[in-house]
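A.B. asks: Sequence and computational prediction follow.
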Amino acid sequence: MSRTASLSRTTKETSVSVEVNLDGTGAGNIETPIGFLSHMLDAIARHARTDLNIVATGDTHIDYHHTVEDTALVLGEAFAKALGDKRGIRRFGHAYVPLDEALARVVVDFSGRPFLVFEVPIDREMLLIHKDFPFALVEEFFKSFANKCACNIHIDLIRGRNGHHAAEAIFKAFAIAVREAKTVVSSDIPSTKGVI
C-alpha cells in the first residue's frame, strides 16, 4: 500500500502545495520564500526518511507567520492522509538531538488526538533565529502540524543558548521521532480501541 499524499491550500495570504511519501529515501524538493523554513523542511525530509515536495509562497512582505503556519497546516494534513488508518505503525517515536550547545528531546504519538507541549525557555539571545524569523514561529509550526495531523507532540529544549542551534535540534529530533513512529512493525491497529 502506498503511503503518499498530495495536498494544496490557497488563501489570500498564502499558497502551499505538499507531496509526501512516507516510505521515501529522505529526498527534499523544497521551495519557500523563507530560507530558514526551507532548511528545516529539508531536515525533516532527510532525517524522517520521508520524501517531501513543498512549494509555498506567501505575504512575507508583512511577516513570515502566515507562510510558516500554512505550510505546517498542509504538511500535517498530508502526513495524516498518508498515514491512513495507521495500521501496523509503531505509532510512538522519540529522539534526542544535540547541535553544539543545544540539546532537544521530541516525543511523537500518532494518536489521532492533536496536542502540543512546547517547553522551550527563551532568553533574549534566542528571541530571533534570524532577523525576520522569531523563535515563536517554531512553536507555531509544530502547533499547526499537530492540529492537522491529529498527533501528540512533546518538545523539550533541555539546553541551548543559540536560537538557530536550538531550533535546528528541535526540528531534527522531531524528524527522527517521526521516522520511528511511522515505521511499519505489524499488521494491527496500534490501539487498544482497535481504531485511531
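C.D. replies: Great, that's in hand. Residues are numbered from 1 along each chain as shown.

A.B. asks: Show me what the helix or strand of the chain with the lowest mean pLDDT packs onto, helices and strands only.
C.D. replies: For the chain, scoring each helix and strand by mean pLDDT, DSSP states H and E identifies strand 128-130 as the least confident one, at a mean of 87. With contacts taken as 3 or more Cβ pairs under 8 Å, 6 or more residues apart in numbering; DSSP states H and E, strand 128-130 sits against helix 35-48, helix 163-182. To be clear about C-beta, it is placed using only N, CA and C from the backbone, and glycine gets the same treatment.

A.B. asks: and if we set it to 7 Å?
C.D. replies: With contacts taken as 3 or more Cβ pairs under 7 Å, 6 or more residues apart in numbering; DSSP states H and E, strand 128-130 sits against helix 163-182.

A.B. asks: which secondary structure elements does the helix it packs on contact?
C.D. replies: Helix 163-182 is packed against helix 35-48, strand 92-99, strand 102-109, strand 128-130, strand 152-159, with contacts defined by 3+ Cβ pairs under 7 Å, 6+ apart.

A.B. asks: Of all those, which one is nearest residue 85?
C.D. replies: In terms of Cβ to Cβ, the element of these nearest to residue 85 is strand 102-109, at 15.8 Å.

A.B. asks: CA atoms of the closest one as CSV?
C.D. replies: Once non-C-alpha atoms are left out, strand 102-109 reads as follows in CSV (Å, rounded to 0.1, in the frame of the first residue of the first chain):
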residue,chain,number,x,y,z
ALA,A,102,21.8,22.8,22.3
LEU,A,103,20.0,19.5,23.2
ALA,A,104,16.4,18.8,22.2
ARG,A,105,14.1,16.0,23.0
VAL,A,106,10.9,15.3,21.0
VAL,A,107,8.3,12.6,21.5
VAL,A,108,5.6,11.9,18.9
ASP,A,109,2.4,9.9,19.1
